[in-house]
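A.B. asks: would you be able to build a 3D model of this:
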Amino acid sequence: MKHHYLKLFVISIFAVMLLGACGADEEAHGENENGEENATEQDKAEMESEGQQDDESASEEEEADTSGAVAPQSSEDEVSFEQVSWIMGSPDRRAEAGIWFYTEDEHPEDYDSSFDWEEEDILLWQISDEKYAGHSPDTEQLVKMDDDVIKIVVVFDEDEEPSDEKMPRNYLKAPKGELEGKNYMIETIDGEELSLE
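C.D. replies: This is a model prediction of the structure:
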């Protein structure tokens, strides 16, 4: 008999919990006994306020000034490249500033195994501007100015302390044939023309 009362007690507790959960579900959904929504005055005020904010932000978006928008520059004007990172130390610098272009057929013997000559050509630039001596440059862009002119755009870390008196230079890998037969000019990202002579 004791087990019978225990079963009834557990079933009663379960039923109360089930009914409590169902009642809580109706309150969470905002419905009363008749199935109508139970919205308080505060809820209505909040909904109206949100609606006004949405209307205001939509009208602000419509009124946004787009006169300063700029179309992107064409990537067709740029030559893709990669700066060369020398693992076992870079070659000695040239005695003078200039541009050197290396291909599969014309390159120093030391470079035979350093590059994939069937896929890429190498461009070396070295400037002679004394104020940049000892600074490490980064080549930012190779820009096609004309059919036969490429502008090399470089950047220097202005806060960098010169490490030595060596003139800045970069080796660049470019797709085979992209730079062949071109003339070059070089300038900083700020437009300062640099000397290759």
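
A.B. asks: strands of the protein, residue ranges please.
C.D. replies: Taking DSSP state E, the strands of the chain run over residues 82-83, 98-102, 120-126, 137-146, 149-156, 169-175, 183-188.

A.B. asks: and those strands, which is most packed in?
C.D. replies: Of all those, strand 120-126 carries the top mean neighbour count, a mean of 21, counting by mean count of other C-beta atoms under 10 Å. Backbone N, C-alpha and C define where each C-beta goes, glycine included.

A.B. asks: strands paired with it, and their directions?
C.D. replies: Partners of strand 120-126 in the sheet, by DSSP bridges, are strand 98-102 (antiparallel), strand 169-175 (antiparallel).

A.B. asks: since we're on Trp117, how many residues are nearby?
C.D. replies: For Trp117, the number of neighbouring residues by other C-beta atoms under 10 Å comes to 17.

A.B. asks: I'd like the distance between it and Leu196.
C.D. replies: Separation of Trp117 from Leu196 (C-beta to C-beta, to the nearest Å): 24 Å.

A.B. asks: now do Pro91
C.D. replies: Using C-beta to C-beta, Pro91 is found at 18 Å from Leu196.

A.B. asks: so the two - more neighbours on which side?
C.D. replies: Between Pro91 and Leu196, Leu196 has the larger neighbour count (other C-beta under 10 Å), namely 17 against 13.

A.B. asks: the more buried one against Ile127, yeah?
C.D. replies: Yes: judged on C-beta atoms under 8 Å, Leu196 makes contact with Ile127 at a distance of 6.3 Å.

A.B. asks: next, show the common contact partners of the two.
C.D. replies: Counting by C-beta atoms under 8 Å, 6 or more residues apart in numbering, the residues touching both Leu196 and Ile127 are 97, 186.

A.B. asks: for the spatially most central residue of the chain, what are its contacts?
C.D. replies: Taking C-alpha atoms, centre = their mean, the centroid of the chain lies closest to Glu140, which sits 14.3 Å from it. Listed by C-beta under 8 Å, 6+ apart, the contact partners of Glu140 are 153-155, 189.

A.B. asks: how far away is it from Glu160?
C.D. replies: For Glu140 relative to Glu160 (C-beta to C-beta), the value is 16 Å.

A.B. asks: Lys173 pairs with what?
C.D. replies: Applying DSSP bridges, one finds that Lys173 bridges with Glu82, Ile122.

A.B. asks: can you check the pLDDT for it?
C.D. replies: pLDDT for Lys173: 97.

A.B. asks: my read: it touches Ser85, true?
C.D. replies: No: assessed by C-beta under 8 Å, Lys173 is found out of contact with Ser85, at 10.2 Å.

A.B. asks: which residues do these two both contact?
C.D. replies: In terms of C-beta under 8 Å, 6+ apart, Lys173 and Ser85 are not both contacted by any residue.

A.B. asks: quick one, which of the strands of the chain is nearest to Thr66?
C.D. replies: strand 137-146 (27.5 Å; C-beta to C-beta).
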